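K.L.:
sharing a model prediction with you, sequence too.
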Amino acid sequence: MGVQKLDHCASVLKAIAHPIRIAIIELLEEHERLSVSEIHEKLQVEQAVASHHLGILKNKGVLVSYREGKNMLYQLKHRQITRIIEIMERCSTV
């Protein structure tokens with residue numbers, strides 16, 4: 001694997017390395033696509049907090065977004081990203 005691809009992989013791993021962002025990914029795996037409002041309600045966090053974390057995930061290419069009426073909807077760009085979280089859960093000793 002080339003250095004550029006390794007840099008991208010490291011960047012994506014850093015982006016998902018936060019409890020709220022992991023929770024967002026798991027929600028989107030379960031629900032396929034959700035609005036910011038739905039995400040912040042389900043996670044019980046402020047809407048600004050949800051928007052911040054969604055922005056990070058979108059900027060790193062983990063999520064895609066599109067407008068539907070007044071709502072901005074988010075979904076996973078590649079559903080395989082959830083496998084990383086599943087592997088980490090299996091490796092956890094906690």
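P.N.:
All right, it came through fine.

K.L.:
identify the residues contacting the one residue sitting closest to the centre of the chain.
P.N.:
For the chain, residue 25 is the residue whose C-alpha lies nearest the centre (CA atoms, centre = their mean; 3.9 Å). Counting by CB atoms under 8 Å, 6 or more residues apart in numbering, residue 25 touches 16, 57, 62, 76, 81-82, 85. For glycine as for every other residue, the C-beta is placed from the backbone atoms N, C-alpha and C.

K.L.:
which ones among the residues you listed lie within helices?
P.N.:
Among the contacts of residue 25, the residues falling in helices (DSSP state H) are 16, 57, 81-82, 85.

K.L.:
which one of these has the most neighbours?
P.N.:
residue 57 (25 neighbours; other CB atoms under 10 Å).

K.L.:
quick check, it in contact with residue 27.
P.N.:
No: counting by CB atoms under 8 Å, residue 27 is not a contact partner of residue 57; they are 11.5 Å apart.
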